[in-house]
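Q: With the sequence up front, the predicted model follows.
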Amino acid sequence: MPATVYLITGGCRSGKSSYAQTLCEKLSPYPIYLATSSSRGEYVDDDMVDRIQRHQKDRETRLAGWKTIEAPLHPSEHLEEMVERVVLVDCLTLWLTNYMLEYKVFSLDNDDDDGEVNKTTAAQERITAAEKASDAIKQEINTMIGQWNTTFVFVTNEIGSGSHASDAVSRTFADHQGWLNQFVASKAREVVHMVAGCPNVVKRVDDSGRGAKGSWMSQDDRDDARLLDTFLSSRSLQMDPKGYFMVKLDENRIVASFYSCIVNDQGEICDLQGNKIKCCNGGSRREPMKVWKGRTAKELTTAIFEEWEDAPKLEFSIGHAAYIGREVQRAEHCLYSNIPYQQD
C-alpha cells in the first residue's frame, strides 16, 4: 500500500503554501517541512533568500512542532525520519529545477529549434538531458511514496497557465513541470487548485463511507474528519501476540474471523486447547479459529467480546478491541449503504 499523497497546485501568490501548512497542522502537531531549496547559500538570488526566510518565519509563528529537512535532490535519504509523520514537500518546481541543474539542462545551448523534424544537436541534447532529469525525480518520488505509513503534501506551481515561454529552455522546463504535476496528481488521493487564496478540489478519492446527505456537520468538518482518518490509518499498530481479526462483507452479512497466532512446541499454529489448525485446501492460507456473522456491529461485538467464552483467555488489548469496534461499524455502514468495504 503506497503513502497517502495530497497535491496543492496554483499560480504565484495563490495561497498554496499557506493552505498546505494548514492542512499538515490539522493532521499532526509535529509535521515535517521538506524544503527542496536550501538556506545555506546555494541560491544567490536575493528574492529566493527572502522567500526562504519568510517561509521559515511563517512556520515558527504558526506551530512550534514543525521540523525542517533540507533536501534539494534526494529526500528519500531521510525516510526513516518520516515514518508515521506528515511531510510537506515545498515545492516540486524548485525540486525539478535542482534536477535540471544537476543534469545541466540550463547550461546547454538555448537553441530555439523545437520542431519534431530536423532538431539541431543542441536541441536534442537539451531534450535528452531534461528527460533524464524528469525520470530521476519521478524515481525519487516513487521511492518516497512507497513508504505506506507517511503522509505527503506536495506543493507545486501551474507555470504553464501563464504566458508562453519565450525561449526553448524555458519551454522545455514548463513542459516537464506540467508532466511532473500530472504524475504526482495520478498518485494523489486529493488535488487542490488554489485561486486567490480559495481552494478548489479538482480530484478527491473518498473511501471513508461518509456521505454528505443528512449530515449535521459542515462540509469543512467532514473534510477535516476524512483527512484525519486517512492519516490515522497510516500509523503502525501493535498486534496482539495471540491472534488477529479479518473483517469482510459476505452474502449481506458482516463476517469477522479470528486467526490464532498461538504456536505449540512443534512450531504449529494451534487453538487455545493446543489443537493444530489446518490450512485450507492444503495451501498456505490458514483456517480461522472462529468465525462470526452478523447484521450489525453491535450484534458482532456482543458475540465476540461478551459471549465468546475464549475471549477473556486471549486478553485482547484495549486498542485491539477498539479497532475491531471501528471496523465492524464501518462494515455495517457499507453494508446498509450498498458501498464496497475494505478493512483498514
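A: The structure has been received and is ready for your questions.

Q: in the stretch 101-250 of the chain, which spans are helices?
A: With DSSP state H, counting those that start in this stretch applied, the stretch 101-250 of the chain shows helices at 121-145, 168-187, 219-232, listed in chain order.

Q: Of those, give the one that comes closest to residue 198.
A: Of all the helices of the stretch 101-250 of the chain, the one in closest proximity to residue 198, counting by C-beta to C-beta, is helix 219-232 (13.0 Å). Glycine gets a C-beta too; all of them are placed from N, C-alpha and C.

Q: right, and residue 304 touches residue 312 too?
A: No. Using C-beta atoms under 8 Å as the test, residue 304 is too far from residue 312 to be in contact (11.8 Å).

Q: Which of those two has more residues huddled nearby?
A: Each of residue 304 and residue 312 had its neighbours counted (other C-beta atoms under 10 Å), and the higher figure belongs to residue 304 (21 against 9).

Q: contacting residues for the more buried one?
A: Contact partners of residue 304, counting by C-beta atoms under 8 Å, 6 or more residues apart in numbering, are 256, 258, 292, 311, 324.

Q: Where strands are concerned, which of the residues you listed count?
A: Within the contacts of residue 304, residues falling in strands by DSSP state E are 256, 258, 292.

Q: for the second one, what are its contacts?
A: It refers to residue 258. By C-beta under 8 Å, 6+ apart, the residues touching residue 258 are 243, 244, 245, 288, 289, 290, 291, 304.

Q: Low-confidence regions, the stretch 51-200 of the chain specifically.
A: When the per-residue scores of the stretch 51-200 of the chain are filtered using pLDDT under 70, the ranges that remain are 51-63, 109-119.

Q: can you give me the strands in it?
A: Read by DSSP state E, counting those that start in this stretch, the stretch 51-200 of the chain holds these strands, from start to end of the chain: 67-70, 86-90, 151-155, 190-195, 198-204.

Q: Could you tell me which residues within the fourth one count as buried?
A: Right, the one you point to is strand 190-195. Along strand 190-195, the positions that meet the burial threshold by neighbour count (16 or more other C-beta atoms under 10 Å) are 190, 191, 192, 193, 194.

Q: Please name the bridge partners of the third one.
A: So the one you mean is residue 192. The bridge-partner assignment for residue 192, based on DSSP bridges, gives residue 8, residue 201.

Q: Distance check, it against residue 24.
A: Taking C-beta to C-beta, to the nearest Å as the criterion, residue 192 is separated from residue 24 by 13 Å.

Q: now the last one
A: Between residue 194 and residue 24 the distance is 15 Å, computed by C-beta to C-beta.

Q: Likewise for the first one?
A: Look at residue 190 and residue 24: by C-beta to C-beta, they are 13 Å apart.

Q: likewise residue 11?
A: Relative to residue 24, residue 11 is positioned 21 Å away (criterion: C-beta to C-beta).

Q: count of residues packed around residue 238?
A: One way to gauge burial is a neighbour count; for residue 238, by other C-beta under 10 Å, it gives 8.

Q: isn't it right next to residue 316, touching?
A: No. With contact defined as C-beta under 8 Å, residue 238 does not reach residue 316; the gap is 12.0 Å.
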